[in-house]
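Student: sequence first, then the predicted structure, then my questions.
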Amino acid sequence: MDGPAPAPFQPGGRVEPPYFIDREAELDELSLAMAGLSAHYLVEGQRRVGKSSFLLNASNRARRENSRLAIIDIDCLQLGSVRDLADRIVQGTLAHYKDKHSVKGWLVLQATALEGAIREALGKIEKVTVKSVKRILTVFVDFREGRVDEMGLLREAFEFADRFASEAGFGTVVLLDEVQELTKFEGAIFGLFKSVGDRAKNLRFVFSGSAPRVLERVFFGKAGALYQMALRISLGPLPEGETKRFIDARLAAVALRAEAPAVDRWIALSGGIPFYVQRIGHAVYFQAMHERRAAVDTGLVERACEQVMLQMGGDFDARISAKFSATQRRILVVLSKRGPLRRVDLARALARKSTSISEDLGKLVEWMEVVRERRGVYRMADPLMAAWLSQSRFADQPVRPAGRRRRRPA
Ligand SMILES: Nc1ncnc2c1ncn2[C@@H]1O[C@H](COP(=O)(O)OP(=O)(O)OP(=O)(O)O)[C@@H](O)[C@H]1O
Ligand SMILES: [Mg+2]
């Protein structure tokens, strides 16, 4: 007997087709740029919009287009130090070469060196014939002995990746997901990317992250270290038509079908955020199985969403309690009940002056909790958290109706 049917939705992790949809134009652009080493890129978007999945799919496509491409995939959340990053770059470069060619003695030697037996390796460096490998081994020894600092080591690691790629006849792309995490290291790290990135011939960077003001400052502000260095790809919510087809096809794979208004409700509640489309799907599927239904109606979608909100409520509650000041919380509550709102109307509802909430509102935008739309109106970025918040214990505090103005008590 075959195993159980594969789950129709995958809410979590980096997904590939058929669980990954849309983003075609962006995939074409990034995969061609990676395959041809044509430019550095920044992929940005709000939380859970699908950045990491997008990077994975673009990498798969780039590898198909160029078999002589080494892609080093780094999650900056997992880096403990600048040295970790240098290690990953060197090991990633060599690992690719090891996959493509028969393992040579010096590769084993390299691995040994990086695992810590550098002194032992030192005696053998003379046997290493590849110039770039010899140099990076020496630099690791110098680092160990305090003659080179972490930044120096990282610079050499990037230069190694570039030079080794040219010696071995391939190109290297370094993916740095959650790049905003690098701000925990020295600010100089961004300057290093720029100086390496401007000169490298066989090395390109693809940065990705979701703290827009940090990214804005580092990449695109006039003072930004990476100003004019990276091209930008912004990922937004999934388009409605594609999402509808996706929902229908995934349900059909498990012999379910959905009524049109139910799908509309599903998409509206998800805000087109891919994670929520799939998270709601997961709940809809189990709800339908539980109720032994073949058709999904609006009521079932509502029940599934209630369940998702209940399950995520703990996370939402923890986030709202821990992360925000009292004013920020009140801004979120007002937006959850009344958004989208212009800043003056938001301030009025809080009985505050518009200028006095700018800083808190700015922080919420920076953290991508609030989105400023083109017409200058603000709304919560996360529609499910908004729906949850508007009914939560935080929502109990009274909110002044819009349109009445009162001076703040001194
Ligand atoms: N293109 C897509 N089509 C369908 N579903 C997707 C797509 N991209 C992402 N998803 C869904 O969203 C989930 C989160 O995706 P992913 O981890 O790639 O997002 P992210 O933007 O990197 O998130 P985070 O901000 O947490 O790093 C996936 O597990 C999947 O369920
Ligand atoms: Mg991610």
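Tutor: It's in. Ligands and ions are numbered 1, 2, ... in the order given.

Student: neighbours of residue 327, how many?
Tutor: 17 (other Cβ atoms under 10 Å). Yep, even glycine has a C-beta here, placed from its N, CA and C like the rest.

Student: same check on the one 4 residues further on?
Tutor: Burial of residue 331, expressed as a neighbour count using other Cβ under 10 Å, amounts to 29.

Student: what values do phi and psi take at the residue of the stretch 1-150 of the chain found nearest ligand 1?
Tutor: Closest residue of the stretch 1-150 of the chain to ligand 1, Cβ to the nearest ligand atom: residue 50 (2.6 Å). The phi/psi pair for residue 50 (degrees, to the nearest 10) reads phi 110, psi 30.

Student: tell me, how many residues neighbour the nearest residue to it once chain neighbours are set aside?
Tutor: Leaving aside its sequence neighbours, residue 50 sits nearest to residue 274 (Cβ to Cβ, 6 or more residues apart in numbering; 4.4 Å). For residue 274, the count of nearby residues is 26 (other Cβ under 10 Å).

Student: pLDDT score assigned to residue 243?
Tutor: Listed pLDDT for residue 243 reads 98.

Student: just to check, it is in contact with residue 277?
Tutor: Yes. Using Cβ atoms under 8 Å, residue 243 is in contact with residue 277, at 5.8 Å.

Student: returning to that earlier point: next, work out how far apart the residue of the stretch 1-150 of the chain closest to ligand 1 and residue 270 are.
Tutor: 12 Å (Cβ to Cβ, to the nearest Å).

Student: repeat that for residue 214.
Tutor: For residue 214 relative to residue 270 (Cβ to Cβ), the value is 26 Å.

Student: the two: which is more packed in?
Tutor: Each of residue 214 and residue 270 has its neighbours counted (other Cβ under 10 Å); residue 270 has more, 24 against 17.

Student: pretty sure that one is touching residue 280, no?
Tutor: Yes. In terms of Cβ under 8 Å, residue 270 counts as a neighbour of residue 280; the distance is 5.7 Å.

Student: okay, now the residue of the stretch 1-150 of the chain closest to ligand 1: neighbour count?
Tutor: For residue 50, using other Cβ under 10 Å, the count is 26.

Student: quick one: contacts for it?
Tutor: Shown in contact with residue 50 (Cβ atoms under 8 Å, 6 or more residues apart in numbering): 15, 20, 23, 235, 238, 274-275.

Student: who wins on neighbours among those residues?
Tutor: Top of those by neighbour count (other Cβ under 10 Å): residue 274, with 26 neighbours.

Student: who has more neighbours out of residue 243 and residue 277?
Tutor: Each of residue 243 and residue 277 has its neighbours counted (other Cβ under 10 Å); residue 277 has more, 25 against 20.

Student: how about the more buried one, phi and psi?
Tutor: phi -50, psi -40.

Student: same thing with residue 380?
Tutor: Main-chain dihedrals, residue 380, degrees, to the nearest 10: phi -70, psi 140.

Student: for residue 40, same thing?
Tutor: Dihedral pair for residue 40: phi -90, psi 150, per degrees, to the nearest 10.
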